[in-house]
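1. Please work out how this folds:
(2 chains)
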Protein chains: 2
Amino acid sequence: MDEINSLRAEIDAINLQILELLSRRAEVVVKIGEAQSQQGLSHYDPAREEQMLKDLSKANKGPYPEATIKKLFKEIFKASLDLEEQQDKKVLLV
Amino acid sequence: MDEINSLRAEIDAINLQILELLSRRAEVVVKIGEAQSQQGLSHYDPAREEQMLKDLSKANKGPYPEATIKKLFKEIFKASLDLEEQQDKKVLLV
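-> Predicted structure coming up:
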């Protein structure tokens, strides 16, 4: 159990690093969303999402299979789109 | 559009860093899974997942709301469990 506990401490540290990167990513997403709204562009851009998934699949060395990486990032993209739409609502309310 | 492209380059760089952390996390998960199998322990541990979600919610400073962070990490936990179960099958086949 000691080995498991020490590996779990590693997971805890990595979780916090992932959270930090997700938050930094979301901050950039909000800026992109603002620029898109100013220019009258749609937030949803399937070609851009496809390109990101292609780049990630190419860079993936495992242990997660490609399908899992795609699934996880699609969730991140969806969360980002939700954030941009929330941001638009906030702007409308101001 | 130049501003959007430059922000997108930032996103691309962060995506690769998230991929790297997810992969490192998955390597540790595989080790935990092996230790659990050797000790006859279940891979699924809802109390441990609950604790990780609690820690992440506490550390979250936005812009993602707590519910989004929980949702994204639950997907990561699910992918990890799948990986451990795949690993068990590989061991059985050897």
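
2. do you know how far the most centrally placed residue in chain A is from chain B?
-> With distances taken as Cα atoms, centre = their mean, A:Ile76 lies nearest the centre of chain A, 3.5 Å away. The gap separating A:Ile76 from chain B is 7 Å, by Cβ to the nearest Cβ, to the nearest Å. All C-beta atoms are positioned from the backbone trio N, CA, C, and that covers glycine.

3. and what of A:Lys58?
-> Distance, A:Lys58 to chain B, using Cβ to the nearest Cβ: 10 Å.

4. low-scoring stretches of chain A, by residue?
-> Chain A contains residues with pLDDT under 70 at A:1.

5. Helix or strand next in line after the longest helix seen in chain A, which one?
-> Identified as the longest helix of chain A according to DSSP state H is helix A:2-38. Once the chain leaves helix A:2-38, the next helix or strand it forms, by DSSP states H and E, is helix A:46-59.

6. So which elements touch that next one?
-> Packing partners of helix A:46-59 (3 or more Cβ pairs under 8 Å, 6 or more residues apart in numbering or on different chains; DSSP states H and E): helix A:66-93, helix B:2-38.

7. between the ones you listed, which gets nearest to A:Asp2?
-> With respect to A:Asp2, and counting by Cβ to Cβ, the nearest of these is helix B:2-38 at 9.7 Å.

8. Enumerate the positions of that closest one that are buried.
-> For helix B:2-38, a neighbour-count test (16 or more other Cβ atoms under 10 Å in any protein chain shown) marks B:4, B:7-8, B:10-11, B:14-15, B:18-19, B:21-26, B:28-30, B:32-37 as buried.

9. near chain A too, which of those residues?
-> Contacts with chain A are made by B:4, B:7-8, B:10-11, B:14-15, B:18-19, B:21-26, B:28-30, B:32, B:35-36 out of the buried residues of helix B:2-38, judged by Cβ under 8 Å from any Cβ of the partner chain.

10. now stretch A:19-34, how far from the centre of its chain.
-> Centroid displacement of stretch A:19-34 relative to its chain, using Cα atoms, centre = their mean, to the nearest Å, is 8 Å.

11. Could you check it against chain B for contacts?
-> Yes: using Cβ under 8 Å from any Cβ, stretch A:19-34 reaches chain B at A:19, A:21-32.

12. Please identify which of the residues you listed is nearest to A:Gly62.
-> Closest approach between the residues of stretch A:19-34 next to chain B and A:Gly62, by Cβ to Cβ: A:Leu21, at 19.5 Å.
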